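# I need the structure of the sequence given here:
(one chain, ligands or ions: 2)
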Amino acid sequence: MLVIEGLEKTYDNGVRALNGISLNISKGLFGLLGPNGAGKSTLMRTIATLQTPDKGRIHFDGIDCLKQPNLLRQRLGYLPQNFGVIPRVSALELLDHLAMLKGLVQRRQRREVVDDLLAITNLYQHRKKAVSGFSGGMRQRFGIAQALLGNPDLLIVDEPTAGLDPDERNRFHNLLVGLSQEKVVILSTHLVQDVAELCSEMAVQAGGSILLKGHPKDLLEQL
Ligand code: ADP
Ligand code: ADP
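Ligands and ions are numbered 1, 2, ... in the order given. Reported below is the predicted structural model:
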């Protein structure tokens, strides 16, 4: 269970991106819906301990995330909105390398973990191709494979389906639904449809505030 209380953040330029945000998020797929500029990425990065709020508290399963960011990071997978430079090495090599950095020193053990992730994300048949040649959907699924290294029980994905065609979006959706059986998964999106189709719980964020929270079925009738 992720408990967020009274988060506030004002950037140096005076933009108030988080205006007292409180949320309780439990296992399953949680949708954070809001237009561009709502403060969704700021909230996602704050939960991922990549930036600090001015005020407020975040707890995950007894971890005080702001005071013990390293403990949280061991439990966390995070797929940022625009993730880094895409390297010209194969998916297999890259995941293997990242697994090594995660401390999996035994080649055989690493191979098992990496093959598993490639299978889960439907990329096994593409494992020997360069990630730089992947389609948008494949890149996003590769991003999930990367985020799943270390078997996190909190997974944050920020606007993952932007620019994907319907078929790729569907695959990505199925992947998230599967993962949410066992993890807290938070999906940030500006697409009502994403939340309506997938999420068990949701909140609507705009102007740095949470306007509504509850079950998509109840809330989306009001929009
Ligand atoms: P969303 O993800 O919903 O589009 P963001 O969290 O990216 O929202 O941005 C919320 C507001 O904060 C926007 O007005 C944005 O321009 C502003 N903002 C985001 N990051 C910064 C930053 N590093 N410095 C200043 N303003 C920022
Ligand atoms: P989003 O689509 O989530 O709103 P943006 O494209 O606005 O994201 O932001 C991309 C990056 O630029 C983020 O790291 C964000 O913090 C930063 N950023 C956004 N708005 C501003 C701003 N007004 N001043 C400085 N940095 C910003």
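# pLDDT score for Asn82?
Asn82 is assigned a predicted lDDT (pLDDT) of 76.
# residues in this protein within reach of ligand 1, list them.
Residues of the chain lying near ligand 1 by Cβ under 6 Å from any ligand atom: Tyr11, Asn13, Val15, Ala17, Gly34, Asn36, Gly37, Ala38, Gly39, Lys40, Ser41, Thr42. (Glycine included, C-beta is placed from N, CA and C.)
# Mind doing that once more with 8 Å?
Proximity of the chain to ligand 1 is confined to 11-13, 15, 17, 34-45, 81, 158-159, 188, 190, 205, 208 under the rule Cβ under 8 Å from any ligand atom.
# Quick check: Gln81 touching Asp158?
Yes: the criterion here is Cβ atoms under 8 Å, and Gln81 meets it with Asp158 at 4.3 Å.
# hey, what's in contact with both of the two?
Ser41 (Cβ atoms under 8 Å, 6 or more residues apart in numbering).
# Which positions within the lowest-mean-pLDDT helix or strand in the chain qualify as buried?
Counting by mean pLDDT, DSSP states H and E, the weakest-scoring helix or strand in the chain turns out to be helix 216-220, with a mean of 88. Within helix 216-220, the residues that count as buried by 16 or more other Cβ atoms under 10 Å are Pro216, Leu219, Leu220.
# Output the contacting helices and strands for that helix.
helix 192-198, strand 201-206 (3 or more Cβ pairs under 8 Å, 6 or more residues apart in numbering; DSSP states H and E).
# Which of those has the highest mean neighbour count?
Highest mean neighbour count among the helices and strands packed on helix 216-220 (mean count of other Cβ atoms under 10 Å): strand 201-206, with a mean of 22.
# The helix or strand following it: partners in the sheet, and parallel or antiparallel?
Sequence order places strand 209-214 as the next helix or strand after strand 201-206, per DSSP states H and E. Sheet pairing of strand 209-214 (DSSP bridges) gives strand 201-206 (antiparallel).
# mind checking how far the partner strand is from the chain centre?
Averaging C-alpha positions (Cα atoms, centre = their mean, to the nearest Å) puts strand 201-206 15 Å from its chain's average.
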